[in-house]
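Asker: structure here, sequence nowhere to be found:
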């Protein structure tokens, strides 16, 4: 599995770099208020996106006895759901605008809802790519859609389209992604479907729909709440910080989740091998993602000023909180994939519901305290459920948590050395230009972390690299 993760991550790197460049160009051209309006409008379409897929993609990826009728039934259910949800969202757009108190979002909501129809058409073919282990093809599809959409969005932004540049980027990405999938997957849906296969799809997909709905509502409705409780400008700061975290998560963590589900599903009858693969993959993912998120938090203010401009410095507080959230996702993504691969999506749903309850409580406490406090409510909720996730995989998948802790300890210690080095250097360079502080602190952090890791985790790193190169049975 580790080799697949590395291959998928390398193939996806170009896509994420393109997305980061487009994000920086569009953010500079659009401005905080315009960005915030689109973020609030997009929150509703993205929150309802899970209603279209209905968890059936995971069923296609992981079910041990998949039939052709499952694919046909799932495809047409998703198409119908996409059209119905898009139509309902378009009708409700004026009400949603009034509820959030953000003017001029009705046309934005209506146009962004069109993407839900294209999303419904991509669920089954995209899942087939992953089931077949064609991770490079899946990454190439994402890269093509991202590149063309980025070019369209940047062109529109530079041409003076304002907020509509973000809408154009989103819709172009949906259309291109569907066209690329049509050429990559040999699947043409038949105009048939059966109730038996629909019930089987729902026995698994219903739980995953619940997970997706709760996650999407927690994230996107929180965005709408931020817009309603603060201002469009503050919502823009929140959205930019969240987008930075999402880009980092897509690059550093999502490849693990993408590869883990089909791989662990094939190993459900060999828990010993699955446990070793889980531990090694988690340690490698943490060794890469944790320092990236920690570094992002340490240099947040300078990075935002250098990359996006002085007007975005106020997003530093939310970015620190979202960096903590991103670090928690390293563990929660992989544990969730392990439970889903073992046919226990209902356990993931229960944990997600608990996380949502914690989030609601945190938001209530943070109301009136500003946008940074609202971002910390999300981070605290994500960290709070990690012990529960770990306990569940120990009980139901027999994951060796003691071995996992042994491998993660030197990584955490190395992060501590890195944080001290960056803090001392930034203190010394306090009066310097932001670009100078950013470059110096980043270099010091990388050197310190790698040096400490080489000393503290030499043996475990060597074993992990053997797994990545396929020299051990667990990488097979």
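Answerer: Structure received. Fair warning: this is a prediction, and the values are worked out from it, not measured in the lab.
Asker: in the stretch 1-150 of the chain, where is pLDDT below threshold?
Answerer: 1-13, 16, 50, 54 (pLDDT under 70).
Asker: the helix ranked longest in the chain packs against which elements?
Answerer: Looking only at the chain and at elements set by DSSP state H, the helix with the highest residue count is helix 68-100. On a contact count with 3 or more C-beta pairs under 8 Å, 6 or more residues apart in numbering; DSSP states H and E, helix 68-100 meets helix 32-53, helix 56-62, helix 106-113, helix 115-131, helix 195-216, helix 222-229. C-beta coordinates here come from the backbone N, C-alpha and C atoms, glycine included.
Asker: which one of the ones you listed lies closest to residue 256?
Answerer: helix 115-131 (13.0 Å; C-beta to C-beta).
Asker: can you list the helices and strands packed on helix 68-100 in TSV and add mean neighbour count?
Answerer: Listed next are these as TSV, based on neighbours: other C-beta atoms under 10 Å:
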stretch	mean neighbour count
helix 32-53	24
helix 56-62	25
helix 106-113	21
helix 115-131	23
helix 195-216	18
helix 222-229	22
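Asker: want to throw the ones you listed into JSON lines with distance to residue 338?
Answerer: Below are these laid out as JSON lines (distance: least, C-beta to C-beta, whole Å):
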{"stretch": "helix 32-53", "distance to residue 338": "21"}
{"stretch": "helix 56-62", "distance to residue 338": "11"}
{"stretch": "helix 106-113", "distance to residue 338": "33"}
{"stretch": "helix 115-131", "distance to residue 338": "16"}
{"stretch": "helix 195-216", "distance to residue 338": "14"}
{"stretch": "helix 222-229", "distance to residue 338": "27"}
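Asker: closest one to residue 189 among these?
Answerer: Taking the helices and strands packed on helix 68-100 one by one with C-beta to C-beta, helix 115-131 is closest: 7.5 Å.
Asker: got the angle between that closest one and helix 32-53?
Answerer: 60 degrees (axes from the mean of the first three to the mean of the last three C-alpha atoms, to 10 degrees).
Asker: packing partners of helix 115-131?
Answerer: Helix 115-131 packs on helix 32-53, helix 56-62, helix 68-100, helix 135-158, helix 164-184, helix 254-266, going by 3+ C-beta pairs under 8 Å, 6+ apart.
Asker: wait, which of those helices is closest to residue 199?
Answerer: Nearest of those (C-beta to C-beta): helix 68-100, 9.7 Å.
Asker: in that closest one, what counts as buried?
Answerer: Residues 69-79, 81-82, 85-86, 89-90, 92-93, 96-97, 100 are the ones in helix 68-100 that count as buried (16 or more other C-beta atoms under 10 Å).
Asker: and the helix or strand residue 389 falls within, what's its mean pLDDT?
Answerer: Assessed by DSSP states H and E, residue 389 sits inside helix 386-397. Mean pLDDT, helix 386-397: 92.
Asker: between that helix and helix 254-266, how many degrees?
Answerer: 20 degrees.
Asker: surely residue 197 meets residue 65?
Answerer: No. With contacts counted by C-beta atoms under 8 Å, residue 197 stays clear of residue 65, the gap being 11.4 Å.
Asker: overlap of the contact sets of the two?
Answerer: In terms of C-beta atoms under 8 Å, 6 or more residues apart in numbering, residue 197 and residue 65 are not both contacted by any residue.
Asker: number of residues surrounding residue 253?
Answerer: Using other C-beta atoms under 10 Å, residue 253 has 26 neighbouring residues.
Asker: and the pLDDT for it?
Answerer: According to the model, residue 253 scores 81 on pLDDT.
Asker: rewinding a little: can I get the helices and strands packed on helix 115-131 in CSV with distance to residue 108?
Answerer: As requested, the helices and strands packed on helix 115-131 are arranged in CSV below (distance: least, C-beta to C-beta, whole Å):
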stretch, distance to residue 108
helix 32-53, 4
helix 56-62, 27
helix 68-100, 8
helix 135-158, 14
helix 164-184, 6
helix 254-266, 26
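Asker: which one of the ones you listed lies closest to residue 206?
Answerer: helix 56-62 (9.8 Å).
Asker: residues in contact with that closest one?
Answerer: Contacts of helix 56-62 (C-beta under 8 Å, 6+ apart): 66, 70-71, 74, 77-78, 123-124, 126-128, 130-131, 200-201, 204-205, 208, 261-262, 265, 340-341, 343, 345.
Asker: what's around residue 194, how many residues?
Answerer: Neighbour tally, residue 194, other C-beta under 10 Å: 13.
Asker: give the contact list for the closest residue to it other than its chain neighbours.
Answerer: Spatial nearest neighbour of residue 194, excluding adjacent residues (C-beta to C-beta, 6 or more residues apart in numbering): residue 69 at 5.6 Å. Residue 69 makes contact with 192, 193, 194, 197 under the criterion C-beta under 8 Å, 6+ apart.
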